[in-house]
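Asker: pasting the sequence and the predicted coordinates here, then a few questions.
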Amino acid sequence: MRNHSIVALLLCTLLVTACGDRKHQNAATGDKATEQLPAPAGTSGGVTGMPDRPGPGPVGPPVAEAPEVPVDESGNPLLPDAPAQDATASEPTPEDAVTVIRNYYEAINSGDFDRAYTLWSDSGRSSGKSPQQFAAGFADTTGVSIEMQAPGNVDAAAGSRYIEVPVALTATHRDGSQHRFAGKYVLRRAVVDGATPEQRQWRIASADLGEVVP
């Protein structure tokens, strides 16, 4: 009986030891498996794995490239052509023709016969006189008063424009006598390509004046 008790005690001891070894092996195996699994990522990123904020990059619309500047054969930049000006912006008007006649007699009354002469077309030659003959024609005149009426319509001709300015004037002479005249001046200006600025202005082309007898 005593021998049976000893054998039973030894069997219990072996079973306890085997169970302990098995628990130790299971624990070790669990620890090793834990070490092999990757640690979960932190909460700094989204569930998609993309970053919460985009990385550095351009902000705002893209910068436009500067236009290419043309250069000449020497590499110097070429200036852009000046915009063409409207040719009609500086066209003389009928009122400008009236002003020419007014300036003409102002020059005569002030004794500036050279200026009055140049207000005739073709640098004065349309008056039919030389500058000296023109000035001599007013040697006996002390003053001229003039009344101007509305100018007529502008007439077109090949390369030219014409306009009539009706006038009535009174010439006073050195002896105090007066003579009255009435008629018209015809003014001309050029419109052809290549005409100078002077040729494009209204100038006196002819005069048709008659004495008014009381």
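Answerer: Looks like it arrived, so ask away.
Asker: contacts for stretch 149-156 next, please.
Answerer: 94, 95, 97, 98, 161, 162, 163, 164, 165, 166, 167, 168 (Cβ atoms under 8 Å, 6 or more residues apart in numbering). Any C-beta I mention is one placed from the backbone N, CA and C, and that applies to glycine too.
Asker: same check, this time on stretch 176-188
Answerer: With Cβ under 8 Å, 6+ apart, stretch 176-188 has contacts from 97, 100-101, 121, 160-173, 202-212, 214.
Asker: tell me the mean pLDDT over it?
Answerer: Stretch 176-188 shows a mean pLDDT of 98.
Asker: which ones among the contacts of stretch 176-188 lie within helices?
Answerer: Per DSSP state H, helices hold the following members of those: 97, 100, 101.
Asker: highest neighbour count among the residues you listed?
Answerer: Neighbour counts for those peak at residue 97, which has 28 neighbours (criterion: other Cβ atoms under 10 Å).
Asker: from residue 189, how far off is it?
Answerer: 8 Å (Cβ to Cβ, to the nearest Å).
Asker: so what sits against both of the two?
Answerer: residue 202.
Asker: quick check on the contacts of stretch 149-156: which are buried?
Answerer: Buried subset of these (neighbour count, 16 or more other Cβ atoms under 10 Å): 94, 97, 98, 161, 162, 163, 164, 165, 166, 167.
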